[in-house]
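Chemist: Sharing a model that was predicted from the sequence below.
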Amino acid sequence: MKFRKIIYGFIGIGIACAIVCGVIVWDILHFSDTTVAFLNVGQGDSILISHGSYQILIDGGPDGTRLMEQLGAQMPFWDRNIEIVIATHPDSDHIDGLISVFKNYSVNQFWYTDAGKNTSVYKALNYYVEKESNIEKISTYRGLRANIGNGIYLDVVYPFKKSMEDIDNINDSSIVTLLTVGKEVFYFGGDLTSEIEDVLPLNNKITILKASHHGSKFSTSDTFLQKTKPRDVIISTGKNNRYGHPHKRVLQSVKNIGAQIFRTDQQGTIVYNCHQEKCDVVLKK
Ligand SMILES: [Zn+2]
């Protein structure tokens with residue numbers, strides 16, 4: 001009788017281990033691809049680049065609770081580390097959510113500029129960054145590159161210089177990056193206005209372009225679209241937002257070049273799954 005109990009005990013433990021192992025293996029396989037997710041964070045920006053368990057988060061949207069839900073859905077449950085967090089510029093709709101990231105995840109590097117360093121939003125975020133002494137803080141400007149692996153990399157194309165402290169329009173301090181995955185090149189420009197966007201030296205062909213400043217009329221000009229000619233344009237904006245984003249001129253300009261538009265306010269989180277050379281869009285609510 002006692003012997004039988006022991007056997008049943010071993011069988012029970014074996015089944016439990018098999019289930020746990022199965023879940024972990026499924027999770028590893030499920031998250032092993034390279035993905036780029038434009039997270040549905042409402043009126044704001046947040047983009048998660050994942051390559052297996054390596055992640056780069058560009059901005060965190062305006063709401064930490066919402067961002068945590070989104071990251072929970074996009075990252076494996078056992079992965080509580082984000083390799084690089086980038087704050088494009090210190091506007092609430094880009095960095096308020098990041099406070100929750102520093103509270104809930106370990107972060108290896110924080111990429112930032114000194115623009116708006118006396119503003120309350122900047123100081124609030126910086127308080128949590130400073131609390132974590134092992135985060136490497138990197139003042140960001142053109143030339144910096146993150147090597148993600150397998151020939152995938154993220155390049156900083158703007159700002160041109162190290163200090164952006166004296167910038168008049170905080171939107172024009174936005175860190176601009178290009179992500180290269182095989183033949184695909186993603187453009188992430190924060191809230192950069194046309195004044196800078198139109199003169200950016202871009203040597204790469206852009207295939208997937210995030211419209212800067214949530215599709216406002218001050219960005220994504222005809223000139224810029226004619227120069228870059230992306231296949232897809234992503235607009236990250238909130239439902240019925242009070243700014244009237246995206247502007248009808250931008251929608252028309254994108255239509256004129258024949259690019260496909262994807263909007264977080266209409267389609268929710270927009271995920272690109274990349275297989276070798278090509279990235280295909282998958283829509284998720
Ligand atoms: Zn914004």
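Modeler: Arrived safely.
Chemist: Stretch 238-248 near the ion anywhere?
Modeler: No - shown here: stretch 238-248 not in contact with the ion (CB under 5 Å from the ion), separated by at least 8.9 Å. Where C-beta positions appear, they are placed from N, C-alpha and C, glycine not excepted.
Chemist: Now do the same for that stretch: mean pLDDT, whole number.
Modeler: Taken as a whole, stretch 238-248 carries a mean pLDDT of 94.
Chemist: Settle this for me: residue 280 is touching residue 272, isn't it.
Modeler: Yes - Residue 280 is within contact range of residue 272, at 6.7 Å (criterion: CB atoms under 8 Å).
Chemist: Give me the more crowded residue out of these two.
Modeler: residue 272 (24 against 10; other CB atoms under 10 Å).
Chemist: what helix or strand is that one on?
Modeler: Assessed by DSSP states H and E, residue 272 sits inside strand 269-275.
Chemist: Who does the helix or strand following that strand pair with, and is each partner parallel or antiparallel?
Modeler: Next along the chain after strand 269-275, taking DSSP H and E as the criterion, comes strand 278-284. Paired neighbours of strand 278-284 in the sheet (DSSP bridges): strand 269-275 (antiparallel).
Chemist: distance of the residue of the stretch 1-150 of the chain at minimum distance from the ion from residue 236?
Modeler: Here the stretch 1-150 of the chain gets closest to the ion at one residue, residue 93, 4.3 Å apart by CB to the ion. Applying CB to CB, to the nearest Å, the value for residue 93 to residue 236 is 10 Å.
Chemist: list the contacts for residue 206?
Modeler: Taking CB atoms under 8 Å, 6 or more residues apart in numbering, we find residue 206 in contact with 178, 185-187, 228-230.
Chemist: got those residues as TSV, with distance to the ion columns?
Modeler: Shown next, in TSV, are the contacts of residue 206 (distance: CB to the ion, whole Å):
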residue	distance to the ion
178	19
185	22
186	18
187	16
228	20
229	24
230	20
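Chemist: The residues you listed, buried ones only, as a PyMOL selection?
Modeler: The buried subset of the contacts of residue 206, as determined by 16 or more other CB atoms under 10 Å, is captured in PyMOL by this line:
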select buried, resi 178+185+186+187+228+230
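Chemist: Please flag which of the contacts of residue 206 sit within strands.
Modeler: Counting by DSSP state E, the contacts of residue 206 place 178, 185-187 in strands.
Chemist: Any chance of a markdown table for these, columns pLDDT?
Modeler: Below are these laid out as a markdown table (pLDDT from 0 to 100):
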| residue | pLDDT |
| --- | --- |
| 178 | 98 |
| 185 | 97 |
| 186 | 98 |
| 187 | 98 |
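Chemist: Output these as CSV; include the columns distance to residue 168.
Modeler: Below are the ones in strands among the contacts of residue 206 laid out as CSV (distance: CB to CB, whole Å):
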residue, distance to residue 168
178, 25
185, 30
186, 28
187, 24
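Chemist: any idea which of those is closest to residue 36?
Modeler: Nearest to residue 36 out of these is residue 186 (CB to CB; 6.0 Å).
Chemist: Show me which residues of the stretch 1-150 of the chain are close to the ion?
Modeler: By CB under 5 Å from the ion, the part of the stretch 1-150 of the chain that sits against the ion consists of residue 93.
Chemist: For this structure, name the helix or strand with the lowest mean pLDDT.
Modeler: Least confident helix or strand, the chain: helix 2-30 with a mean of 67, by mean pLDDT, DSSP states H and E.
Chemist: the helices in the stretch 51-200 of the chain, which residues?
Modeler: Ranges of helices within the stretch 51-200 of the chain are 64-74, 92-95, 98-104, 120-131, 194-197, based on DSSP state H, counting those that start in this stretch.
Chemist: Point out the most buried one among those.
Modeler: Sort those by mean neighbour count, taking mean count of other CB atoms under 10 Å, and helix 92-95 sits at the top with a mean of 24.
Chemist: The residue of the stretch 1-150 of the chain closest to the ion reaches residue 66, doesn't it?
Modeler: No - in terms of CB under 8 Å, residue 93 does not count as a neighbour of residue 66; the distance is 11.8 Å.
Chemist: so what are the domain limits for the protein?
Modeler: When the chain is parsed with automatic domain parsing, its domains come out as 1-30, 33-284.
Chemist: can you tell me which residues contact the closest residue to residue 227 other than its chain neighbours?
Modeler: Excluding the flanking residues, the one nearest residue 227 by CB to CB, 6 or more residues apart in numbering is residue 202, at 7.2 Å. When the contact criterion is CB under 8 Å, 6+ apart, the partners of residue 202 are 157, 178, 187, 227-228.
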